[in-house]
Each structure stands twice: as structure tokens, then as C-alpha cells.
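Novice: generate coordinates for the sequence data below:
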Amino acid sequence: MYKHILLAVDLDDERQRSVEVAVEYAKAFGSTLHVMTVLPNFGMSMVGSFFPKDHEKQMLEQSTKALHGFVKANIPDEIAVQHIVGLGSVYEEVLRVSEEISSDLIVIGTHRPDMKDYLLGPNAARVSRHAKCSVLIVRES
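Specialist: The predicted structure follows:
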């Protein structure tokens, strides 16, 4: 049923129920699990000027290494995995990658929202509104 599952993770969160759920689905359907994390884009060049010249490259390399460590610690070896590090807005990158890999399912965690989330819109809500495939939102807390 689900051949390509896109799992969006926040590497700063210690425990993520969404990972457990995605692993269960991948095992049940023999799916490839595309595990992705997204680095923020600093946007304005003025902001970027405060960082070293190759800061973006360094951040991508560190995030790729961290993502590989995360997958090794949390995803069983028998599951086929693709590691993806995006750069930019979380929901935009998740939607872009989902279309790029033709995912059948997006698994994304969400936390109990703060007031700012109602004003800005949480990533999981935006992904679920705009995705072209099914989205499974897992309550993390």
C-alpha cells in the first residue's frame, strides 16, 4: 500500500513517536523510509553575512552526519532508508521532497501548539493541507 514513506524529523527532539509509527508502517508494507530533516534558511543576505562564508555547507554536512546517526540509532537495519537534508521552510521542503520522491505517505510529528502556532500555522497543519498524498500526523506530546 505504501511503497515510499517520507518521515520528517526534528533532530533536536529526544524521543519522537512519529519515528516509531513510521517504522511500524515501513515494516508492515515493506516500504522504503525516506527520513528527512530541514535546516532553516537564513533568508536575507544581510543575516547570512554574520556567518562564515561556508556556513551553509558546514551546516549541511553536520546535519547529514547527525541524520545518519539518528537513523542508525532509531531505524532497524532491515528497513531501506534514504537520508534527506532540506534547506528552507520545513513545510515547503517536506512538500517538495514528497513530490520529488513520489511518496505515498508523509509521517510528521506535532506538539501541542502554542499561541504563536495559531498565528503562524504549524508545519504539520500546512503539510496536511497541501500534500498530494496521505499525511499521518503523530502527536508527540
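Novice: for Glu93, give me its contacts.
Specialist: 36, 38, 86-87 (C-beta atoms under 8 Å, 6 or more residues apart in numbering). Every C-beta, even on glycine, is put in place using the N, C-alpha and C of the backbone.
Novice: kindly recompute the last result at 6 Å.
Specialist: 38, 86 (C-beta atoms under 6 Å, 6 or more residues apart in numbering).
Novice: list the contacts of stretch 2-14.
Specialist: 22, 25-26, 29, 31-37, 66, 70, 94, 98, 101, 103-108.
Novice: now do the end-to-end distance for that stretch.
Specialist: Stretch 2-14 stretches 27 Å from its first residue to its last (C-alpha to C-alpha, to the nearest Å).
Novice: related to what we said a few turns ago, out of the contacts of stretch 2-14, which sit inside strands?
Specialist: Using DSSP state E, the subset of these located in strands is 32-37, 105-108.
Novice: who is His34 paired with across the strands?
Specialist: Leu6, Gln82 (DSSP bridges).
Novice: could you verify my assumption that it touches Gln82?
Specialist: Yes. With contacts counted by C-beta atoms under 6 Å, His34 reaches Gln82, the gap being 4.6 Å.
Novice: more neighbours: which of these two?
Specialist: His34 (23 against 14; other C-beta atoms under 10 Å).
Novice: show the pLDDT at that one.
Specialist: With respect to pLDDT, His34 scores 98.
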